[in-house]
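Trainee: Sequence and predicted model, in that order:
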Amino acid sequence: MSIVAADPAAVSAEARQGNRRRWSGYGRYAGSKVAGALGSLMFMLVVNFFLFRVLPGDPARTLGRGRLSTPEQLEEFRRTYGLDQGLGEQFVTFLKNIVHGDLGYSILYHKDVSDVLLERLWPTMLLVGTSTVLAALFGVWIGIRAGWDRGSRFDRLSTGASLTLYSMPEWWLGLLLIAAFAVGIGPLPGIFPTGGLHSVDADPSSLSGVLDTLWHLALPVITLTLAYLADYALIMRGSLVDELGSDYLTTARAKGLRDVQVRNRHGVRNALLPTTTVVALNFGFVVAGAITIETIFSIPGLGLLTTEALSVPDYWLLQGIFLLSSAGVILANLAANLLYGWLDPRVRT
């Protein structure tokens, strides 16, 4: 009986052809997702424009706060901000301004909306971004341990604690932490600041200023981390539980791999796919800020900016916040789809 050796050149050509097919399939998948994201962005621009123009009342009278008392003043205000144009013309102007990065002029802060958003973006990124990373790391670890030892004492305690924290309103949890660790309870003194991004006399660019900022962010970061923890812990746990009865795990055990190796090398890798998508999606909400937490802790980010803009109301500033937040979610959703399609070829079909 003779054995015919495979031609290396033929095997290599077949492998290259298979790689081209896989990348071609991923290219079509990615193209469809990018097209969907562009469509969502366009729809968001339409909603963003008309949402603030269907509100009741006259914007000129509302923004004027009674200071525009004569018809001439009202007309001049409408002409200055383009409110005297028709909706169609206003929409075309709105799109042109968006292309050039012009988001309008803030009545509240008397400066360009884009400048205001840039100033407030960093505190929100620091607060919500740090909380998201910490919640993802601790939540995935809790989910792995709880899911692999399903029904154990750790599983019951961690699941119950995660659900309890998740059911609490964020602002209420934040107030509890302020009362306990900032104000103090009984003989226990408060050790953390009650609010603010940094002390009044601190230089944020110096080392002491950086440490002071981290000290001020401790309680709000802990609050959001505890509130977001269940998102990752429960999804990771459920995904890993679904993998426990899979044949490939039985095969891995039959090969003599230890339980820890089976979990880390095989079970966790496949169970991480849904969690990876959730992490990517939640990063899209970073730019949206945490309105309640930034308000009760007086963090000058996009969340607090939203409440300030609503109190006027500053239509152009609200429009810019809505645009930035929506675009962040859409782009994060696109990144999640592209990442998931790259990690799991099955979704491409």
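Mentor: Structure's in. What do you need? Residues are numbered from 1 along each chain as shown.

Trainee: Which pLDDT value goes with residue 116?
Mentor: Listed pLDDT for residue 116 reads 92.

Trainee: What of the one 10 residues further on?
Mentor: At residue 126 the predicted local distance difference test score is 90.

Trainee: Hmm, it is touching residue 214, no?
Mentor: No - using Cβ atoms under 8 Å, residue 126 makes no contact with residue 214, being 9.3 Å away. In short, each C-beta sits where N, CA and C put it, glycine included.

Trainee: the more surrounded of these two?
Mentor: A side-by-side neighbour count of residue 126 and residue 214, using other Cβ atoms under 10 Å, places residue 126 first with 18 against 13.

Trainee: how close does the more buried one get to residue 313?
Mentor: From residue 126 across to residue 313, the span is 27 Å (Cβ to Cβ, to the nearest Å).

Trainee: How about residue 102?
Mentor: Between residue 102 and residue 313 the distance is 20 Å, computed by Cβ to Cβ.

Trainee: Those two: which is more packed in?
Mentor: residue 313 (18 against 14).

Trainee: isn't there a helix covering the more buried one?
Mentor: No - with DSSP: H, G, I helix; E, B strand; the rest coil as the criterion, residue 313 is located in coil rather than a helix.

Trainee: which ones are touching the residue most central in space within the chain?
Mentor: Geometric centre of the chain, nearest residue: residue 285, 2.3 Å, by Cα atoms, centre = their mean. Residues in contact with residue 285 (Cβ atoms under 8 Å, 6 or more residues apart in numbering) are 128, 325, 328, 329, 332.

Trainee: go with 7 Å
Mentor: By Cβ atoms under 7 Å, 6 or more residues apart in numbering, the contact list for residue 285 reads residue 329.

Trainee: So for it, what's the pLDDT?
Mentor: Turning to residue 285, the model gives it a pLDDT of 75.

Trainee: now the helices for the chain?
Mentor: With DSSP state H as the criterion, the chain has helices at 8-51, 59-64, 71-80, 87-99, 113-148, 153-167, 170-177, 207-243, 247-254, 259-262, 268-284, 291-296, 302-311, 315-343.

Trainee: of those, which approaches residue 191 most closely?
Mentor: With respect to residue 191, and counting by Cβ to Cβ, the nearest of the helices of the chain is helix 207-243 at 9.2 Å.

Trainee: If we go by neighbour counts, what in that closest one is buried?
Mentor: Buried residues in helix 207-243, counted by 16 or more other Cβ atoms under 10 Å: 212-213, 216-217, 219-237, 239-241, 243.

Trainee: Can you give the distance of that helix from its chain's centre?
Mentor: Centroid separation for helix 207-243 versus its chain: 13 Å, with Cα atoms, centre = their mean, to the nearest Å.

Trainee: before we move on, what about stretch 247-267?
Mentor: Centroid separation between stretch 247-267 and its chain, computed with Cα atoms, centre = their mean, is 34 Å.

Trainee: Let the chain start at 2 from now.
Mentor: Sure thing, new numbering starts at 2, so read that last one as stretch 248-268.

Trainee: That stretch: end-to-end distance?
Mentor: 11 Å (Cα to Cα, to the nearest Å).

Trainee: cool, and stretch 174-189?
Mentor: Using Cα to Cα, the gap from the first to the last residue of stretch 174-189 comes to 19 Å.
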